[in-house]
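>>> give me a 3D structure for the following:
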Amino acid sequence: MLIVQPDTELEYEVQELYILAKHLLQDISFAEDELHFFKNLLTKLGLNMPAAGLGLQWELFNEKIAVQEHNITSLKLAIPKFLDFLAPYVNDQKKAMDIKLLERYNGLDDEIRELLASVKTTKSELFACAEGIL
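This is a model prediction of the structure:
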């Protein structure tokens, strides 16, 4: 009878995936802080926007930020669900894995990358607009 040795490398990989997923929450927190800063900037500079003819553009920034905040809210719910999904694999190395584990992680990672790219774009556009009026 052939006894299969536990795959310690796979155990480490699953543990690392769990840690990476927890770090996704920090990425979300960073994006949330950025959006809070943007909203403060919009509030402070927004008083002069209609006079500068930028009221519509300011409204578009507010709409973009609202969409990004909605994405943050949904990701803040999705990450703990993924961690709960992943926990049995970390605690029981004999639990059979399938491709869904990686698909779920990659899906979350892609959503967060898209969010961060969107926040970065908003930041660039907002700063360019603010520089134009200062």
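
>>> show me the helices in the chain, by range?
In the chain, the helices defined using DSSP state H lie at 8-46, 49-52, 55-91, 99-133.

>>> how close does K22 get to T43?
33 Å (Cβ to Cβ, to the nearest Å). The way it works is simple: take the backbone N, C-alpha and C, and place the C-beta from them, glycine included.

>>> who has more neighbours, the two?
Of the pair K22 and T43, K22 is the one with more neighbours under other Cβ atoms under 10 Å, namely 14 against 11.

>>> in space, what's closest to the more buried one - neighbours in sequence excluded?
Nearest residue to K22, sequence neighbours excluded (Cβ to Cβ, 6 or more residues apart in numbering): L83, at 6.9 Å.

>>> tally of neighbours for the one you found?
Each residue near L83 was counted by other Cβ under 10 Å, and the total is 15.

>>> need the pLDDT of it.
Note on L83: pLDDT of 90.

>>> from here on, count from 49
All right, first residue 49 from here; so that's L131.

>>> residues contacting the most centrally placed residue in the chain?
In the chain, the C-alpha nearest the mean C-alpha coordinate belongs to I160, at 3.2 Å (Cα atoms, centre = their mean). With contacts taken as Cβ atoms under 8 Å, 6 or more residues apart in numbering, I160 has the following neighbours: L72, D75, I76, L123.

>>> show the pLDDT at it.
94.

>>> measure it to E82 for me?
Relative to E82, I160 is positioned 13 Å away (criterion: Cβ to Cβ).

>>> try D75
Relative to E82, D75 is positioned 11 Å away (Cβ to Cβ).

>>> and K92, by the same measure?
16 Å.

>>> compare these two (neighbour count), which wins?
Neighbours were tallied for K92 and for E82 using other Cβ under 10 Å; the higher tally belongs to E82 (17 against 10).

>>> surely the more buried one touches K171?
Yes - when contacts are counted by Cβ atoms under 8 Å, E82 is listed as touching K171 (6.5 Å).
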